[in-house]
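> what's the 3D shape of this:
(2 chains)
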Amino acid sequence: DGGITQSPKYLFRKEGQNVTLSCEQNLNHDAMYWYRQDPGQGLRLIYYSQIVNDFQKGDIAEGYSVSREKKESFPLTVTSAQKNPTAFYLCASSMSRDRMTGELFFGEGSRLTVL
Amino acid sequence: AQSVTQLDSQVPVFEEAPVELRCNYSSSVSVYLFWYVQYPNQGLQLLLKYLSGSTLVKGINGFEAEFNKSQTSFHLRKPSVHISDTAEYFCAVSAWNTGNQFYFGTGTSLTVIP
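Take a look at the predicted model:
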């Protein structure tokens, strides 16, 4: 089955620690995205990548970092510089950003809680 | 930049009653419109999408939506809801002049009352 796999589903972190959320897709999609979801605020874009070895900041990139070394993988690191990291994180992919070919496909999400 | 407004943050409705979830967007160019559903602690699942063509779009689970360009709206409807429709619903818009970036509304929580 094609899809997007996020891990871990639940993660607890102490203040001051960096954590990395995994996102893997086997849809052969070019574009990948990371969103943060907080109650009542919808989805906010953190980073996106259109192609391997290239990525751009979204609306709330401060305190986060990403890499795109392989087409299938787009891990997100939540650094200690992120002031309020407790949230639900969603990874998504789409066929291409250069032309509209359809919708975003989402993973099941990762819930990060800072203790 | 685009913006998406979901006018109702919470919508309670009795089982088997009809429901409409409202979505308005701001754009002066051609847009692509989407409705997603999210169940607790899960990702978003596409309900339906409008890319072009007929303004009435039918999706999964008996939902449909109508694209109204003059009113810049894309309201979601279902003639008879079930308990299993209880979830969060998100409207999203994308447009070619913003690099096809997706913009999401803040969501509408639909609660179906038995």
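
> low-scoring pLDDT stretches of the chain, where are they?
This is for chain A. For chain A, applying pLDDT under 70 flags the ranges A:1, A:97-101.

> my bad, the chain I had in mind was chain B
Ranges of chain B meeting pLDDT under 70: B:1, B:28, B:96-100.

> can you name the residue of it nearest to chain A?
residue B:43 (3.7 Å; Cβ to the nearest Cβ). C-beta: built from backbone N, CA, C; applies to glycine.

> okay, the residue nearest to that residue when sequence neighbours are not counted and residue B:14: tell me how far apart.
Leaving out its chain neighbours, the residue that sits closest to residue B:43 by Cβ to Cβ, 6 or more residues apart in numbering or on different chains is residue A:106, at 3.7 Å. Shown here: residue A:106 relative to residue B:14, a distance of 30 Å by Cβ to Cβ, to the nearest Å.

> residues in contact with residue 42?
Picking chain A for this. Contacts for residue A:42 (Cβ atoms under 8 Å, 6 or more residues apart in numbering or on different chains) come out as B:90, B:104, B:105, B:106, B:107.

> nope, chain B
Counting by Cβ under 8 Å, 6+ apart, residue B:42 has contacts A:108, A:109.

> burial count for residue 90?
With no chain named, the answer covers chain A. 26 (other Cβ atoms under 10 Å in any protein chain shown).

> my bad, the chain I had in mind was chain B
Residue B:90, neighbours per other Cβ under 10 Å, totals 24.

> my read: it touches residue A:35, true?
No. The criterion here is Cβ atoms under 8 Å, and residue B:90 misses it with residue A:35 at 10.7 Å.

> cheers, nothing more for now.
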